[in-house]
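Enquirer: have a look at this prediction, sequence included:
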Amino acid sequence: MTGIARREAVVVTGGSRGIGAAVARLAAARGYDVAVSYLSDSAAAAEVVRAASAAGARALAVAGDVSREEDVARLFETAAREIGPVRGLVNSAGITGGFARVAELSRETLERVLEVNVTGTILCAREAVRRMSTRRGGAGGAIVNVSSLAARRGGAGEWVHYAASKGAVEAFTLGLAREVAAEGIRVNAVAPGIIDTELHAAAGAPDRATRQAGTIPMQRPGAALEVAEGVLWLLSEAASYTTGAVLDIGGGR
């Protein structure tokens with residue numbers, strides 16, 4: 001892939017907010033056409049599409065749940081029909097499930113976190129591989145999964161369940177990268193640290209990023225755009241010999 005030629009379509013899941021929205025906007029500015037998936041916030045998704053369109057991209061938003069096969073298939077079919085063959089996928093859709101120690105964790109919360117963060121990532125990657133693989137007649141492409149530094153820090157006392165789901169995402173990234181390396185597809189991940197996005201408010205602690213600043217060597221939380229820059233590099237030809245990598249973006253944490 002290149003970050004210059006128009007008509008290379010990228011699907012960004014969870015693209016209505018946070019890191020996903022930043023990725024979609026930056027991808028549009030770098031010359032990609034963008035299909036954004038979202039679960040429920042149609043107004044936020046429409047604003048991302050408006051910004052991408054203003055940057056000169058063809059852009060659309062598709063509602064759906066990434067843990068549902070039929071929704072994933074519809075997302076990719078719509079993207080291919082409206083903006084062209086998909087050459088990139090950014091798996092940004094994810095939830096924390098809120099704060100809970102393992103002893104207090106409900107089965108329902110655990111199942112939903114795994115459905116979205118793990119099953120959703122795998123289903124979307126599966127659909128992308130089916131369309132991009134040179135073995136299947138595709139033209140190749142790149143997949144970037146959004147993990148978290150929590151995968152290696154463990155999330156103790158807050159969200160071990162979330163950390164475990166992101167550990168699975170990193171294992172999947174490595175395995176899939178090796179599986180499809182000879183099929184023209186690169187698969188990498190970014191592992192953000194504490195990023196100032198809506199994720200913390202959704203978990204019930206809107207000031208968490210600010211409160212945690214002292215635990216970060218750079219003494220500040222990151223911005224979604226800083227993560228998006230890493231994602232766009234991994235999508236681009238500048239990373240043409242990079243696959244199976246996890247790029248930490250956490251201010252040294």
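Expert: Yep, it's here. Numbering: from 1, shown residues only.

Enquirer: most distant residue from the centre of the protein?
Expert: residue 103 (29.0 Å; CA atoms, centre = their mean).

Enquirer: does that residue belong to a helix, a strand or coil?
Expert: helix (DSSP: H, G, I helix; E, B strand; the rest coil).

Enquirer: for it, give its distance to residue 115.
Expert: 22 Å (CB to CB, to the nearest Å). All C-beta spots, glycine's among them, are computed from the backbone N, C-alpha and C.

Enquirer: next one: residue 135
Expert: For residue 135 relative to residue 115 (CB to CB), the value is 29 Å.

Enquirer: who's more crowded, the two?
Expert: More neighbours surround residue 115 than the other of residue 135 and residue 115, with 17 against 11 (other CB atoms under 10 Å).

Enquirer: wait, that one touches residue 69, no?
Expert: No. In this structure residue 115 lies outside contact range of residue 69 using CB atoms under 8 Å: 11.6 Å.

Enquirer: for residue 225, give me its contacts.
Expert: 22, 26 (CB atoms under 8 Å, 6 or more residues apart in numbering).

Enquirer: check residue 188 too.
Expert: Each residue near residue 188 by CB under 8 Å, 6+ apart is listed here: 142-145, 173, 177, 234, 239, 242-247.

Enquirer: 7 Å instead?
Expert: Contacts for residue 188 (CB atoms under 7 Å, 6 or more residues apart in numbering) come out as 144, 173, 177, 234, 242-243, 245, 247.

Enquirer: would you reformat those residues as CSV and include pLDDT and neighbour count?
Expert: Converted to CSV, the contacts of residue 188 look like this (pLDDT from 0 to 100; neighbours: other CB atoms under 10 Å):
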residue, pLDDT, neighbour count
144, 98, 27
173, 98, 26
177, 99, 20
234, 98, 24
242, 98, 16
243, 98, 20
245, 98, 15
247, 98, 18
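
Enquirer: out of those residues, which are inside strands?
Expert: 144, 247 (DSSP state E).

Enquirer: which members of the contacts of residue 188 are the farthest-apart pair?
Expert: Greatest spacing in the contacts of residue 188, by CB to CB: 177 and 247 (12.9 Å).
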